[in-house]
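S.K.: Give me the fold of what follows.
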Amino acid sequence: MAAAKILVVDDEIELQRLIQQRFGKQIQAQTLDFIFASNGIEALRTLQQDQQIDMVLTDINMPAMDGLDFIHCLPKISETLKAVVISAYDDISYMRQAMNEGAFDFLVKPLDFQDLERTIHKTLKFVQQLKDKQLATLKLQEDLRQVAFQDALTGLPNRAWLDNHLRHVFKQRKQPQNPVTALLFIDLDGFKQVNDRFGHAMGDLLLKQVAERLKLCLREGDLAARLGGDEFVILLDAVPEVAVAVAIAERVRLHLAKPFELEQAQAVIGASIGIALSQKQHENPDALLREADLAMYAAKAQGKGCVVVAPDLSLNLSPDLSNQHSA
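M.R.: Numbering: from 1, shown residues only. As a prediction, the model looks like this:
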């Protein structure tokens, strides 16, 4: 475990010597690490350079920037960073102001080092509790994000994620240099028969395996998502020509045509795939998704194991890449 870092802000050199002497064993054992600054400006510079400092021990009366102004700046640096103020008896009013600024505790000079040690450990314990709470909050936010944007069965991004991502893609598309994006709409042929014959548990297992096989077909930057049921999409990044999208769709079709091992049984399915490329006529992501969906239905109508490119893109195909690519 890393040593707890304490920044001591005081212009008295003797205090530095006393602290190093008093806490020598902890420093040597690397449970505590003291860093020293002579004024608030120097201390702020140190905090900006070292984001791992846990607490601050600061005097009030200092040159360049006093302790009150310094403490006022701390919340902007870190929500978990806490300060303990040290000052003389006749500065009680300043201590009250420091507490109002958010100081965690205060000590009076001349320092009682037993009291200082207790205060340091109490402050570090509180800081650790804040950090634990902060981590728990971040984890909860990440868990909620996964629930909102991740398909629970396959672990792939879901429809909500796809909608958000496509909106981002369409915003980026306004830049002339932004490459074309292709959308592959994939529907499994024969999935209902698997469910009917082997049960929904085996159907779910098959869908998980489909997700893993789709990942094998992706290039760097490409993404796969599950819309629901037996419908999936692949978002292809930076497609130079429609032939690239067709080639990847054929790769997907061939991967999905291989038998699936379902515990005590084997299942064979196919895939109907529709392709749409982002074009100027697509006013929004829904239009692109709808076009890929219609192309998929055209593929399904033509027979098991087909890839169909949206009709308005047919002129972009070379002669050996017709609208239909059947198994």
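
S.K.: From the chain's centroid, how far away is stretch 141-158?
M.R.: 12 Å (Cα atoms, centre = their mean, to the nearest Å).

S.K.: contact partners of that stretch?
M.R.: 160-161, 164-165, 204, 207-208, 210-211, 214, 223-228, 232 (Cβ atoms under 8 Å, 6 or more residues apart in numbering). Quick note: C-beta positions are derived from backbone N, CA and C, even for glycine.

S.K.: Can you pull the phi/psi pair for Lys5?
M.R.: phi -100, psi 130 (degrees, to the nearest 10).

S.K.: Go ahead and confirm Ile27 touches Gln21.
M.R.: No - assessed by Cβ atoms under 8 Å, Ile27 is found out of contact with Gln21, at 9.9 Å.

S.K.: the more surrounded of the two?
M.R.: Ile27 (16 against 10; other Cβ atoms under 10 Å).

S.K.: so what's the more buried one scoring on pLDDT?
M.R.: Note for Ile27: predicted pLDDT of 91.

S.K.: where's it relative to Ala4, distance?
M.R.: 11 Å (Cβ to Cβ, to the nearest Å).

S.K.: Can you give me the domain boundaries for this protein?
M.R.: As assigned by automatic domain parsing, the chain contains the domains 4-146, 159-326.

S.K.: Please produce JSON lines containing the ones you listed, extended by distance to Ala152.
M.R.: Shown next, in JSON lines, are the domains of the chain (distance: least, Cβ to Cβ, whole Å):
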{"stretch": "domain 4-146", "distance to Ala152": "9"}
{"stretch": "domain 159-326", "distance to Ala152": "10"}
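
S.K.: got the buried residues for the longest helix along the chain?
M.R.: Longest helix in the chain, counting residues (DSSP state H): helix 113-149. For helix 113-149, a neighbour-count test (16 or more other Cβ atoms under 10 Å) marks Leu116, Thr119, Ile120, Thr123, Leu124, Val127, Phe149 as buried.

S.K.: For this structure, just list every one of the helices.
M.R.: 13-22, 24-28, 40-49, 67-77, 92-100, 113-149, 159-172, 191-198, 200-216, 242-257, 285-302.

S.K.: Now the last one: average pLDDT?
M.R.: Computed over helix 285-302, the mean pLDDT rounds to 89.

S.K.: which secondary structure elements does it contact?
M.R.: Contacts defined by 3 or more Cβ pairs under 8 Å, 6 or more residues apart in numbering; DSSP states H and E place helix 285-302 against helix 159-172, strand 182-189, strand 270-277, strand 306-309, strand 324-326.

S.K.: right, so of those, which gets closest to Gln48?
M.R.: helix 159-172 (32.2 Å; Cβ to Cβ).

S.K.: quick check: angle from the closest one to strand 182-189?
M.R.: 160 degrees (axes from the mean of the first three to the mean of the last three Cα atoms, to 10 degrees).

S.K.: angle of helix 159-172 against helix 113-149?
M.R.: Using the same axes, to 10 degrees, helix 159-172 lies at 90 degrees relative to helix 113-149.

S.K.: what's in contact with helix 159-172?
M.R.: 148-150, 157, 178, 181, 223, 225-228, 233, 235, 278, 282, 284-285, 288-289.

S.K.: Any of the residues you listed buried? List them.
M.R.: 149-150, 157, 181, 223, 225-227, 233, 235, 278, 282, 285, 288-289.
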